[in-house]
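**Student:** Build the 3D model from these lines:
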Amino acid sequence: MAISTSISRLAANYTRHGFWKTIRRAALAIKRDLFSNRMVVFYCDLAKRTTAPANIPSSLKVERLGNYADLGPQDLQEMTSFWNPKQAHRNIRERFEQGASLWLIRSGDRLAGYSWTIRGRTIAQYYFPMAQDDVQLFDFYVFPKFRGRAILWFLITHILSSLGDEGAARVFGDVAEWNQASLSFYKTSPFHRLGLARKVTILGYTLVRWDQNQAVEHKRESNPRLASLKR
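**Tutor:** This is a model prediction of the structure:
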């Protein structure tokens, strides 16, 4: 995370939660950066999916947006209100400008959650180059009052089905190893674990280190495409 973004988030936390909660959050962030800074990388091979697309309940509706102008003011407010709004607006604009898609899921007339995807490239330097038909899935979120209803599962399975219909080949996602909620979601999804990795960008160059283990080695040997990604 960029230093300016970290400072911005701390300032927003201070405004909302006060000094001591901000200090505790900052200490937790430092602890994670120092001792739990690996990312768990997942992939879904869309051509090998064997399950039928999920039937979304009639109470849920998924929308896909491709530019900033399509995002309604109420949705924008809900997406940016829980941390620094200025930085959040900037991130959303930049993602649309880079060609990302924003997927919204509604419960009734309320925004329940969202996720982002981008095809053929990544928003920031990644762990490996993306092929033309590869997709990065990132920053999915379900608002607190809608959690516990499988909202995210319906959203992501819908996204995977739509991307498969468009000819996408693979979808990649990653999550911090300390984020148990997101890890639990991936375990219930069509994604498979690729491995653990750390990356750091210095002067425009991204250095990636994969943590080798038997499970990752097995995936590399059994899938030449994934093996090539890590060499």
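**Student:** how close does the residue nearest the centre of the chain sit to residue 123?
**Tutor:** By CA atoms, centre = their mean, the mean C-alpha position of the chain lies nearest to residue 138, the distance being 2.1 Å. Separation of residue 138 from residue 123 (CB to CB, to the nearest Å) stands at 7 Å. From N, CA and C alone the C-beta is placed, and that goes for glycine too.
**Student:** residues shared between the contacts of these two?
**Tutor:** Common contacts of residue 138 and residue 123, defined by CB atoms under 8 Å, 6 or more residues apart in numbering, comprise residue 116.
**Student:** Double-check that the residue nearest to the centre of the chain belongs to a helix.
**Tutor:** No. Applying DSSP: H, G, I helix; E, B strand; the rest coil, one finds residue 138 to be strand, outside a helix.
**Student:** which non-adjacent residue is nearest it?
**Tutor:** Nearest residue to residue 138, sequence neighbours excluded (CB to CB, 6 or more residues apart in numbering): residue 116, at 5.2 Å.
**Student:** Using the three-state scheme, assign that neighbour.
**Tutor:** On the three-state scheme (three-state DSSP), residue 116 is labelled strand.
**Student:** wait, it sits on residue 98?
**Tutor:** No. With contact taken as CB atoms under 8 Å, residue 116 and residue 98 are classed as non-touching, separated by 10.3 Å.
**Student:** Show me which of those two is the more surrounded one.
**Tutor:** Legend: neighbour count by other CB atoms under 10 Å for residue 116 and residue 98, higher for residue 116 (20 against 12).
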